[in-house]
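In: What would the 3D arrangement of this be:
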Amino acid sequence: VREPGKEDSPYYGLLSFSVAEYRKPEFQVSLSATPDQVLLNGKFTASVDARYYSGGALNQAAIDWTLRAQPFIYNPPEAYSAFSFSNSDMDQDWFSYYRNMGMTREISRGQSSTDADGKASFTVPAEINDSSESQSLTLETTLTDFSGNQVSSQTNVTAHRALIYAGIRPTQYVGQSGEEQTFDLVVLDWDGKPVAGQRVDVSISERQWYSVQKEDAQGVLRWESSVKDIPVANINQTSDEKGLASVSFTPANGGVYRAVVSVTDAQGHVNRSSTYLWVSGNGYISWRQSNDRTFQLVTDRSSYHAGDTAEVLIASPFQGNAYALVTVERGKIRHEEVLYLTNNSTLYHLPITDDMGPAVYLSVTIVKGIDENNPTPTYKTALSRINVSSESKLLNVKISADRTQAGPGEKVTYTVQTTNAAGKAVPAEVSLSLSDVASLALADANSQPIDSFFYGLRGLAINTVLSYSANIDEYNARLNQMLAFLNTTFFNAF
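Out: Next up is the predicted model:
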């Protein structure tokens, strides 16, 4: 899409479409599961209803079904979205954690057929004996008619680890040593309703990282890290009438703290969730070391609104003083400043403005010179996305029709109402599209939602470049490591 008459001007938008020879499906399949939530290793009933688009039941159609499972993270109502309902060691191996979360495996499969009314019902076991966490189950059925045409349908069932879930969150993700820190707790049932009078147990530990340099097979020094959980506190509480509770402790040291909350339901099933707290301190903190040029920035929230102030922990990997270049970026450099870091757990405060939505990027590059703890000059860099809400810029659109069915040539009237984020009616330009349901069964619509087009995440488009790409002191140090072998009768330097 370009401005009329200016074919060489930059385009405003782009949309692709396919031209293909196809045959619209002749029948549709409705698939449901009852109940759609069960305990792990329970069972549910699948119901199939197959009908022609022109009307009438699809009888005696063959059904092939497959049940697949993948790990499930409890998704609470919006009021509790800031709580963690998963139990993970993300700071130890985040790659394995996300890889396992997306891992899908087949659990079972079977066959059935529709009756004279185009319906079928069969029992499906949700047995996953080797799982210690809740699972999201996907049941897929494929129906084949007498002509060999096939139509598939899916439905989802959740297999819960226990009858209740416990959520946990720190009141702030970044704290200060010597100051009291609080974790908020909530107990909910499967439907997100609060559970009152439930005992919750919380264990808090300090995660102490031990990083040492060891030679690899090529004789190059590389960091190897291990973690040890040092118990700090064990606290139990009882949820109030709103399902809420809280526990507090005072960290003596800076570092990373992990809190795990557990609940036991009436049948003895246990659910656990965990969260992390990063604590700044005056002394040196042994953060986990990496073998690349990166380190970690930790924000005190996952998203912000205009008027907030983001608190960001700069977890510097260097001991002693250092300089840091801090920039706020997206499309251009919006702000820059140089900080003098006197410790390796500096808290940086970033005021959030409305024009930062939907996100900006905070970049920190630390340059470290030679001192008693650092034999060669070096640098490391970190990048964090600061999510900023764009809700104030979006409209709510409601559409309703004056009838649910209509015949050829009949008129249908649609009523469209637009309101702003505050719920106040506002005028707006709207467009309407009508599609054949059978056509949409072939492929999804090719137009993206208008909000994601205008206010979707944007790429960074900024490169951070230092004046040197290699450090000769570091190179010589590595070369000396590789040449440190026993003397021989002949050595030819190169």
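In: quick one, phi/psi of Lys242?
Out: phi -100, psi 10 (degrees, to the nearest 10).
In: quick one, strands of the stretch 51-200 of the chain?
Out: Using DSSP state E, counting those that start in this stretch, the strands found in the stretch 51-200 of the chain span residues 62-71, 105-113, 119-125, 135-144, 150-160, 164-170, 174-176, 181-189, 199-215.
In: Mind checking those strands for the one nearest to Ser433?
Out: Across the strands of the stretch 51-200 of the chain, Ser433 has its closest neighbour in strand 150-160 (23.9 Å, CB to CB). Using the backbone N, CA and C atoms, a C-beta is placed for each residue, glycine as well.
In: Count the neighbours of the residue nearest to Tyr348 when sequence neighbours are not counted for me.
Out: What sits nearest to Tyr348 in space, not counting adjacent residues and going by CB to CB, 6 or more residues apart in numbering, is Val312, at 4.6 Å. Using other CB atoms under 10 Å, Val312 has 22 other residues around it.
In: now do Ala359
Out: 19.
In: Pull up the gap between it and Leu460, please.
Out: 10 Å (CB to CB, to the nearest Å).
In: Name the residues contacting each of the two.
Out: Arg330 (CB atoms under 8 Å, 6 or more residues apart in numbering).
In: Look at the residue nearest to Tyr348 and give its secondary structure.
Out: strand (DSSP: H, G, I helix; E, B strand; the rest coil).
In: For Gly409, give me its contacts.
Out: Contacts of Gly409 by CB under 8 Å, 6+ apart: none found.
In: Out of the strands of the stretch 51-200 of the chain, which is closest to Ser248?
Out: Nearest to Ser248, of the strands of the stretch 51-200 of the chain and by CB to CB, is strand 181-189 at 4.5 Å.
In: tell me what the closest one is packed against?
Out: strand 164-170, strand 199-215, strand 244-249, strand 255-264, strand 270-280 (3 or more CB pairs under 8 Å, 6 or more residues apart in numbering; DSSP states H and E).
In: for those strands, which one ends up most surrounded?
Out: The highest mean neighbour count among the helices and strands packed on strand 181-189, using mean count of other CB atoms under 10 Å, belongs to strand 164-170: a mean of 25.
In: picking up where we left off before, pLDDT score for the residue nearest to Tyr348?
Out: We have a pLDDT of 93 for Val312.
In: if I pick it, what's in contact with it?
Out: Per CB under 8 Å, 6+ apart, neighbours of Val312: Val174, Leu297, Val298, Thr299, Asp300, Leu347, Tyr348, His349, Leu350, Leu362, Ser384.
In: Among those residues, which lie within strands?
Out: Secondary structure from DSSP state E places Val174, Leu297, Val298, Thr299, Leu347, Tyr348, His349, Leu350, Leu362, Ser384 of the contacts of Val312 in strands.
In: tell me the contacts of the closest residue to the third one other than its chain neighbours?
Out: With CB to CB, 6+ apart as the criterion, Val298 has its nearest non-adjacent residue at 4.2 Å, and that residue is Leu313. With contacts defined as CB under 8 Å, 6+ apart, the neighbours of Leu313 are Val174, Trp278, Ser280, Leu297, Val298, Thr299, Asp300, Ser345, Thr346, Leu347, Tyr348.
In: any idea which of the contacts of Val312 is closest to Glu215?
Out: Leu297 (30.3 Å).
In: how deep is the closest one tucked in, by neighbour count?
Out: Neighbours of Leu297 (other CB under 10 Å): 18.
In: rewinding a little: quick check: bridge partners of the residue nearest to Val298?
Out: Following DSSP bridges, Leu313 is listed with bridge partners Val298, Leu347.
In: Please tell me I have it right and Arg288 contacts Val212.
Out: No: Arg288 lies out of contact with Val212 (CB atoms under 8 Å); the separation is 11.8 Å.
In: Where does pLDDT dip in the chain?
Out: Within the chain, the segments meeting pLDDT under 70 span 7, 11-12, 21-22, 89-102, 219, 467-494.
In: residue ranges of the helices in it, please?
Out: In the chain, the helices defined using DSSP state H lie at 94-101, 437-440, 450-455, 472-482.
In: quick revisit: would you mind telling me which of the helices and strands packed on strand 181-189 is nearest Ser152?
Out: strand 164-170 (31.8 Å).
In: Which other helices and strands does the closest one contact?
Out: Applying 3+ CB pairs under 8 Å, 6+ apart, we find strand 164-170 packed against strand 181-189, strand 255-264, strand 270-280.
In: Please name the residues that touch Val124.
Out: Counting by CB under 8 Å, 6+ apart, Val124 has contacts Ala33, Lys43, Phe44, Thr45, Ala46, Trp65, Leu67, Ser108, Gly110, Leu139, Val157.
In: how close does it get to Asp191?
Out: Val124 is 22 Å from Asp191, by CB to CB.
In: cool, Ser345 as well?
Out: 41 Å.
In: Pick out whichever of those two has more residues nearby.
Out: Ser345 (24 against 8).
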